[in-house]
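> Any chance you could fold what I've pasted below:
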Amino acid sequence: MRILALVLIAIGVIALLVPSVTFFTRERAVDAGFFSIDVSKPHTIILNPAVGGIALAAGIVLFLLGPRAV
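Predicted coordinates for the structure are as follows:
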């Protein structure tokens, strides 16, 4: 229970501190013999602050009440 609580707390804090994460992937647009063109495409993952707050609150509740529930 404590491990789950700590994971939820970490996810909640990260979601509250970092609103979005962007990463890039490379795709081959043209490949004609020796000639090739690669295109970088951005992908953004948006972390909702409300979900971060709920995860943080749930993690704190599990951390505090975890040993009593077992």
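> Just the element for the spatially closest residue to residue 62 that is not a sequence neighbour, please.
With sequence-adjacent residues excluded and distances taken as CB to CB, 6 or more residues apart in numbering, residue 62 is closest to residue 5, at 3.7 Å. Placement of C-beta: from N, CA and C, glycine included. Residue 5 belongs to helix 2-17 when assigned by DSSP states H and E.
> likewise residue 31?
Counting by DSSP H and E, residue 31 is part of strand 20-32.
> what's that strand in contact with?
If you take CB atoms under 8 Å, 6 or more residues apart in numbering as the criterion, strand 20-32 is touched by 36-47.
> Counting residues, name the longest helix you see in this structure.
Assignment by DSSP state H gives helix 49-69 as the longest helix of the chain.
> what's the angle between it and helix 2-17?
Interaxial angle, helix 49-69 versus helix 2-17 (axes from the mean of the first three to the mean of the last three CA atoms, to 10 degrees): 160 degrees.
> pLDDT weak spots in this protein?
In the predicted model of the chain, residues 68-70 satisfy pLDDT under 70.
> Could you rerun that using 90?
The model of the chain has pLDDT under 90 over residues 1-2, 19, 29-36, 46-49, 65-70.
> just to revisit the earlier point, on contacts alone, who are the packing partners of the helix holding residue 5?
helix 49-69 (3 or more CB pairs under 8 Å, 6 or more residues apart in numbering; DSSP states H and E).
> Can you show me the CA trace of the helix it packs on as CSV?
Extracted as CSV, the C-alpha positions of helix 49-69 are listed here (Å, rounded to 0.1, in the frame of the first residue of the first chain):
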residue,chain,number,x,y,z
PRO,A,49,-3.6,19.8,-12.9
ALA,A,50,-7.0,18.5,-11.5
VAL,A,51,-5.9,14.9,-12.1
GLY,A,52,-2.5,15.7,-10.5
GLY,A,53,-4.3,17.1,-7.4
ILE,A,54,-6.6,14.1,-7.2
ALA,A,55,-3.6,11.7,-7.5
LEU,A,56,-1.7,13.7,-4.8
ALA,A,57,-4.7,13.7,-2.4
ALA,A,58,-5.3,10.0,-3.0
GLY,A,59,-1.7,9.2,-2.4
ILE,A,60,-1.6,11.2,0.9
VAL,A,61,-4.8,9.4,2.1
LEU,A,62,-3.4,6.0,1.2
PHE,A,63,-0.1,6.8,2.9
LEU,A,64,-1.8,7.9,6.1
LEU,A,65,-4.5,5.3,6.3
GLY,A,66,-2.7,2.4,4.6
PRO,A,67,-1.4,0.6,7.7
ARG,A,68,-4.8,0.9,9.5
ALA,A,69,-6.7,-0.6,6.5
